[in-house]
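Participant: No sequence on hand, only this structure:
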């Protein structure tokens, strides 16, 4: 599915398009409220850490799941990634499989059952916040400080998967970006017991692209964040090329990118997620940025995790 995030989602002033779509958003809000009365809860006897979001896409869930996995291994646990199976998210699955086992199913509970039989003793529920059928022991919600909640409206009028009051179901927030008192106050007004952490992306191989002309392209949840990370590390970007989230690149598109880079004597640079979706025959002409998530007060988050294990 080709999905470009509408620009009006992140406008502070409510646009005409948002007003036009608001009746559909209101229906979704009502359905979200009603479904909790009809969904059967599955209680799992082993701990579950849910990594989720409310803002749709680009909040840093995937690198955070990798970091949480490493934390759990350091605590001598046997973690597993649990995912709902989507054919267009193989890039994320591949990233997670590089460091640990991934269990997928159309129903997350079935993936948990399989992981349990395989001897795993704690589960990282990737993008399961809106799945009310599974009880979570620790829920961590991701935000990006730059986008925050966009225009604050629920899809399709805005970028929120559900109303912000859903934060009452969470124990921790991780904000990727700089400290923001306004955001913290908004969160604590909804849930005064929630723990707030900050994170930042660390570009591990950024030195390879210093003092070079770069054509940057991406098809992730929020391409702007990738371009900003490059610019904040003083990478000279000649051109930015945007694609939809989880985009499958055609040969023609890749050939055009390679041709453009050669004409400008530049290098092609993309995200690791995008690189995994590129046909192997083009990979020799394309570089990717390797990143990890660095969490402030990481030891405090580890203590929160210890409470459930």
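Facilitator: Yes, it's here. What you see is a predicted model, and the numbers here were worked out from it, not measured in a lab. Residues are numbered from 1 along each chain as shown.
Participant: Name the residues of whichever strand in the chain runs longest that are buried.
Facilitator: Counting by DSSP state E, the longest strand found in the chain is strand 195-203. For strand 195-203, burial by neighbour count (16 or more other Cβ atoms under 10 Å) applies to 195-201, 203. Every C-beta, even on glycine, is put in place using the N, C-alpha and C of the backbone.
Participant: Give me the contact list for that strand.
Facilitator: With Cβ atoms under 8 Å, 6 or more residues apart in numbering as the test, strand 195-203 has contacts from 60, 63-64, 145, 171-179, 184, 187-188, 229-230, 233, 289-297, 300-301, 304.
Participant: In helices, which of those appear?
Facilitator: 63-64, 184, 187-188, 229-230, 300-301, 304 (DSSP state H).
Participant: tell me the two of those that are most distant?
Facilitator: Maximum pairwise distance among the ones in helices among the contacts of strand 195-203 (Cβ to Cβ): 33.1 Å, between 188 and 230.
Participant: So which of the two has more stuff around it?
Facilitator: Per other Cβ atoms under 10 Å, whichever of residue 188 and residue 230 has more neighbours is residue 230, with 20 against 14.
Participant: wait, the more buried one sits on residue 269?
Facilitator: Yes - between residue 230 and residue 269 there is a contact under Cβ atoms under 8 Å: 7.2 Å.
Participant: Identify the contacts common to the two.
Facilitator: Overlap of the contact sets of residue 230 and residue 269 (by Cβ under 8 Å, 6+ apart) consists of 209, 214, 216, 289.
Participant: Please confirm that the second one is located within a helix.
Facilitator: No - applying DSSP: H, G, I helix; E, B strand; the rest coil, one finds residue 214 to be strand, outside a helix.
Participant: where does the nearest residue to residue 283 once chain neighbours are set aside land in three-state SS?
Facilitator: Sequence neighbours aside, residue 275 is the residue nearest to residue 283 in space, at 7.0 Å (criterion: Cβ to Cβ, 6 or more residues apart in numbering). Following three-state DSSP, the label given to residue 275 is helix.
Participant: how many neighbours does residue 275 have?
Facilitator: The burial count assigned to residue 275 is 18, neighbours taken as other Cβ under 10 Å.
Participant: Now flag whichever of the ones in helices among the contacts of strand 195-203 is closest to residue 124.
Facilitator: Comparing these against residue 124 with Cβ to Cβ places residue 64 closest, at 9.4 Å.
Participant: can you tell me which residues contact the most centrally placed residue in the chain?
Facilitator: Against the mean C-alpha coordinate of the chain, by Cα atoms, centre = their mean, the closest residue is residue 61 at 3.1 Å. Residue 61 makes contact with 51-53, 126-127, 142 under the criterion Cβ under 8 Å, 6+ apart.
Participant: One more pass at 7 Å, please.
Facilitator: Residue 61 sits next to 51, 53, 126-127, 142 when contact means Cβ atoms under 7 Å, 6 or more residues apart in numbering.
Participant: So which of these are in strands?
Facilitator: Per DSSP E, the contacts of residue 61 map to strands at 51, 53, 126, 142.
Participant: can you count the residues close to the residue lying closest to residue 13 once chain neighbours are set aside?
Facilitator: Using Cβ to Cβ, 6+ apart and skipping residues adjacent in sequence, the residue nearest residue 13 is residue 151, 7.9 Å away. The local packing of residue 151 (other Cβ under 10 Å) involves 17 other residues.
Participant: And the strands in the stretch 51-200 of the chain?
Facilitator: Ranges of strands within the stretch 51-200 of the chain are 79-84, 102-105, 122-126, 138-144, 172-176, 195-203, based on DSSP state E, counting those that start in this stretch.
Participant: Given the last one, what are its sheet partners and their directions?
Facilitator: Pointing back at strand 195-203 there. Paired strands of strand 195-203, with direction, are strand 172-176 (parallel), strand 291-295 (antiparallel) (DSSP bridges).
Participant: so how far is residue 60 from residue 278?
Facilitator: From residue 278 across to residue 60, the span is 22 Å (Cβ to Cβ, to the nearest Å).
Participant: got the phi/psi numbers for the closest residue to residue 285 other than its chain neighbours?
Facilitator: Spatially, and ignoring its direct neighbours in sequence, residue 285 is nearest to residue 258 (4.8 Å; Cβ to Cβ, 6+ apart). Per-residue torsions, residue 258: phi -60, psi -40 (degrees, to the nearest 10).
Participant: mind listing what residue 258 touches?
Facilitator: Going by Cβ under 7 Å, 6+ apart, residue 258 touches 268, 282, 285.
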